[in-house]
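Asks: this is the structure alone, sequence omitted:
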């Protein structure tokens, strides 16, 4: 399947949108890593924002102090969350399990 042909204007709009999404995600992750919000608050804020809802759960967990790639993978494995899962796809039981494991 070929990618659709975009006009120069459409391409520019897509670039602006992608840049805004990356910026919003960066700021969101910084707030979480600095302790400005709890994991529970971060998950519910992300679910309410389409740009943030696309963040992988693995990446979100790594923003927590003391959680690196291995610990994030272990937490997700213990709970039974797929490594490819994004925040928008988390169920209520998974959120509660993550909050319990992620200390907040």
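Replies: Structure received. All of these numbers come straight from a predicted model, not from anything done at the bench. Numbers count the residues shown, from 1 in each chain.
Asks: how near is the nearest residue to residue 80 once chain neighbours are set aside to residue 23?
Replies: Leaving aside its chain neighbours, residue 80 sits nearest to residue 94 (7.9 Å; criterion: Cβ to Cβ, 6 or more residues apart in numbering). Bear in mind the C-beta positions are built from the backbone N, C-alpha and C, glycine included. According to Cβ to Cβ, to the nearest Å, residue 94 and residue 23 sit 27 Å apart.
Asks: repeat for residue 12
Replies: Residue 12 sits at a distance of 17 Å from residue 23 (criterion: Cβ to Cβ).
Asks: same question, residue 101
Replies: Going from residue 101 to residue 23 by Cβ to Cβ gives 29 Å.
Asks: compare these two (neighbour count), which wins?
Replies: Taking other Cβ atoms under 10 Å, residue 101 and residue 23 do not tie; residue 101 has more neighbours (17 against 11).
Asks: residue 46 - that's part of a helix, no?
Replies: Yes - residue state for residue 46 (DSSP: H, G, I helix; E, B strand; the rest coil) corresponds to a helix.
Asks: nearest spatial neighbour of it, chain-adjacent residues omitted?
Replies: When the adjacent residues along the chain are set aside, residue 46 lies closest to residue 52, with 3.9 Å between them (Cβ to Cβ, 6+ apart).
Asks: check which helix or strand covers that neighbour.
Replies: Secondary structure assigned from DSSP states H and E places residue 52 in helix 50-53.
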